[in-house]
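Asks: Prediction below, plus the sequence it came from.
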Amino acid sequence: MSLSRLSAKRLFRQQSYIGGQWRDAADGATVKVDNPANGEILGTIPSLSAAEIGEAIVQADAGFQIWRKKTALERADLLLRWNDLMLEHKEDIASLMTMEQGKPLEESRGEVVYAASFIRWFAEEARRVYGETIPGAKPGQHIVVTRHPVGVTAAITPWNFPAAMITRKAGAALAAGCSMIVKPAEATPYTALALAELAHEAGIPAGVFNVVTGKSSMIGKVFTDSPVVRTLSFTGSTSVGSKLMAQCADNVQKVSLELGGNAPFIVFDDADLKRAVEGAMVSKFRNTGQTCICANRFLVQASVHDEFVSLLAEAMGKLKVGDGFEEGVTQSALINHDAALKVKRHYEDALSKGATHVAGPRPEADNGSYVHPVLITDVTPDMELCEDETFGPLAAVMKFDTEEEALKIANDTPYGLAAYFYSTNIHRIWRVADELEAGIIGVNEGAVSNAAAPFGGVKASGLGREGSHYGLDEYTEVKYLCMGAE
Ligand SMILES: NC(=O)C1=CN([C@@H]2O[C@H](COP(=O)(O)OP(=O)(O)OC[C@H]3O[C@@H](n4cnc5c(N)ncnc54)[C@H](OP(=O)(O)O)[C@@H]3O)[C@@H](O)[C@H]2O)C=CC1
Ligand SMILES: O=C(O)CCCC(=O)O
């Protein structure tokens with residue numbers, strides 16, 4: 001049923017895109033892709049062999065040789081055309097995304113616009129890959145610094161943002177003059193393949209942007225075994241990211257990692273509570289809680305705890321759970337049944353250790369991939385949900401007394417991607433922002449994602465930054481010319 005929604009049927013591609021050609025696996029191997037909302041099989045994708053991934057690297061190298069010689073303006077113009085086509089086909093890409101990922105259609109539309117914004121941002125940045133001159137060490141000597149594309153790059157992307165996690169990487173890579181091979185998550189390949197179709201239509205040369213599908217561990221190994229691949233950019237779990245980082249060591253490949261988070265969301269007694277609840281809803285329930293920057297632990301100062309919890313429960317009561325295509329739905333199926341079971345496990349572990357159920361139905365094992373938003377209080381650091389991101393619609397609230405205590409709890413995690421806090425005291429705002437160990441801090445703000453801002457984490461949450469002008473660093477090498485004096 002779902003595919004009939006597409007007005008441009010050509011955007012539904014069931015083949016890999018390599019060197020400007022649509023390709024099946026030579027042995028005909030395929031993998032099925034389903035809709036997590038109802039289990040409907042949407043289609044298949046090729047399960048390519050290691051040799052075919054090797055061929056994609058050869059094609060990407062050929063693409064790189066053409067792309068690197070284009071002027072920055074030529075690259076920018078093609079990227080802008082790609083951006084325009086994404087926006088023109090927003091509705092179809094959003095439908096594909098909701099079909100394979102489940103997220104509410106309105107969120108999918110928002111993600112298409114967000115995804116295109118990275119292509120536009122980096123198209124604009126392409127012309128600003130500036131170098132530098134530095135005074136030489138001897139009279140008459142000049143030091144000149146130039147920046148160059150690293151070469152062929154590879155990206156391994158997750159299912160939770162099937163478009164934006166690709167464009168945030170590919171926009172930067174292509175703007176810098178690199179080619180890229182993307183391996184999307186097996187659960188969400190069709191959005192990626194639609195982006196490839198539009199890159200093709202935009203006139204991006206063959207081999208510059210490629211999408212391969214197949215067994216992820218094998219593809220990752222082919223990427224990291226190849227000395228031709230110079231940067232590997234990964235978004236996903238910390239366990240897979242650290243494995244890939246180790247694999248990158250042999251060929252000394254650059255590695256960029258956007259990994260798991262465990263975001264604290266702190267509400268101080270001087271916060272504007274209405275605003276804090278609005279931020280909490282955005283941060284916790286975007287993508288039904290399946291975001292690496294989702295608030296995972298709410299920390300609320302004792303004197304405002306009860307009022308915050310009651311306002312949060314009221315706001316959560318307005319969420320609507322259902323199929324992402326249904327009008328008004330704000331919370332959809334999670335990516336699969338295991339994801340729903342993880343929320344249930346975190347909930348039950350918390351209750352067994354003293355947490356209190358406040359609002360929402362208890363997570364059930366027999367509800368497929370669906371979990372209703374649920375609110376608990378009296379959460380303590382020994383609970384499983386405080387150690388591991390829940391990645392689902394469980395809002396867990398802890399009470400604290402002092403700023404020092406809040407900071408200690410907030411930083412007591414191996415992760416450091418996002419952190420949020422609400423306060424109206426300017427002295428506290430600077431103090432807390434300085435002390436929180438995270439790469440992204442929302443200060444009286446729950447929506448922190450933006451193409452112009454550097455996205456990335458500290459500690460076990462990753463390495464490098466995506467978006468902003470910093471995002472180009474992963475895809476450029478610095479070359480220094482020592483211009484000798486006569
Ligand atoms: N930082 C973030 O944004 C994300 C964090 N997560 C966290 O990770 C948890 C698990 O999610 P999950 O989807 O399993 O995340 P994974 O890390 O397993 O998947 C992310 C990407 O890595 C690929 N992959 C998996 N194993 C390997 C491997 N050995 N070598 C190379 N690539 C590999 C996957 O491919 P394939 O799917 O085809 O196997 C996918 O494209 C979530 O609950 C969440 O906590 C998940 C997604 C995004
Ligand atoms: O993978 C994630 O969850 C991070 C992307 C979300 C964002 O860009 O806001």
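Replies: Yep, that arrived. Ligands and ions are numbered 1, 2, ... in the order given.
Asks: Now do the contacts for the residue lying closest to Q21 once chain neighbours are set aside.
Replies: In space, and not counting its chain neighbours, Q21 is closest to A206: 7.6 Å by CB to CB, 6 or more residues apart in numbering. Bear in mind the C-beta positions are built from the backbone N, C-alpha and C, glycine included. Residues near A206 by CB atoms under 8 Å, 6 or more residues apart in numbering: G19, G20, Q21, Q59, A62, G63.
Asks: Following the chain past the longest helix that the chain contains, name the next helix or strand.
Replies: Using DSSP state H to define each element, the chain has its longest helix at helix 105-126. Downstream of helix 105-126, the next assigned helix or strand under DSSP states H and E is strand 132-135.
Asks: packing partners for whatever helix or strand comes next after that following strand?
Replies: Going down the chain from strand 132-135, the next helix or strand is strand 142-149, by DSSP H and E. Applying 3 or more CB pairs under 8 Å, 6 or more residues apart in numbering; DSSP states H and E, one finds that strand 142-149 contacts strand 132-135, strand 476-483.
Asks: Enumerate the positions of strand 142-149 that are buried.
Replies: Within strand 142-149, the residues scored as buried using 16 or more other CB atoms under 10 Å are R147, H148, P149.
Asks: Which residues does it contact?
Replies: By CB under 8 Å, 6+ apart, strand 142-149 touches 64, 67-68, 129-137, 176-178, 475-483.
Asks: In PyMOL, select just the buried ones from those residues.
Replies: Selection of buried members from the contacts of strand 142-149 for PyMOL, criterion 16+ other CB under 10 Å:
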select buried, resi 64+67+68+129+176+177+178+475+476
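Asks: follow-up on the earlier one: I'd like the helices and strands packed on strand 142-149 as a markdown table, with distance to ligand 2 and mean pLDDT appended.
Replies: Formatted as a markdown table, those follow (distance: least, CB to the nearest ligand atom, whole Å; pLDDT from 0 to 100):
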| stretch | distance to ligand 2 | mean pLDDT |
| --- | --- | --- |
| strand 132-135 | 30 | 96 |
| strand 476-483 | 22 | 98 |
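Asks: So which of these is nearest ligand 1?
Replies: Distance to ligand 1, taken as CB to the nearest ligand atom, is lowest for strand 476-483 among these, at 23.7 Å.
Asks: So what touches the closest one?
Replies: Contacts of strand 476-483 (CB under 8 Å, 6+ apart): 129, 136, 141-150, 176.
Asks: Show me the two of those residues that sit farthest apart.
Replies: Greatest spatial distance in the contacts of strand 476-483: Q141 and A176, 28.6 Å, computed using CB to CB.
Asks: Among the contacts of strand 476-483, which one lies nearest to L73?
Replies: V129 (11.9 Å).
Asks: isn't that closest one right next to R75, touching?
Replies: No - with contact defined as CB atoms under 8 Å, V129 does not reach R75; the gap is 10.0 Å.
Asks: Find residues that contact each of the two.
Replies: What both V129 and R75 touch, as defined by CB under 8 Å, 6+ apart, is the set A175.
Asks: Let me know the closest of the buried residues of strand 142-149 to ligand 1.
Replies: P149 (23.7 Å).
Asks: Would you quantify the distance from that closest one to V478?
Replies: Applying CB to CB, to the nearest Å, the value for P149 to V478 is 12 Å.
Asks: ditto for E466
Replies: Taken as CB to CB, the span from E466 to V478 is 19 Å.
Asks: Any part of stretch 15-32 near ligand 1?
Replies: No - shown here: stretch 15-32 not in contact with ligand 1 (CB under 6 Å from any ligand atom), separated by at least 8.6 Å.
Asks: same check, this time on stretch 373-387
Replies: No - using CB under 6 Å from any ligand atom, stretch 373-387 never reaches ligand 1; the gap is at least 11.6 Å.
Asks: What residues sit buried inside that stretch?
Replies: So stretch 373-387, judged by 16+ other CB under 10 Å, has buried residues P373, V374, L375, I376, T377, D378, V379, M383, E384, L385, C386.
Asks: who in the protein is up against ligand 1?
Replies: Residues of the chain lying near ligand 1 (CB under 6 Å from any ligand atom): 156-160, 185-187, 216-217, 220, 235-237, 240, 243-244, 258-260, 292, 389, 391.
Asks: same for ligand 2: which of these are within range?
Replies: Checking the residues of the chain next to ligand 1 against ligand 2 (CB under 6 Å from any ligand atom), the matches are P158, N160, T235, C292.
Asks: top of those by neighbour count?
Replies: Greatest neighbour count in those, by other CB atoms under 10 Å, goes to C292: 29 neighbours.
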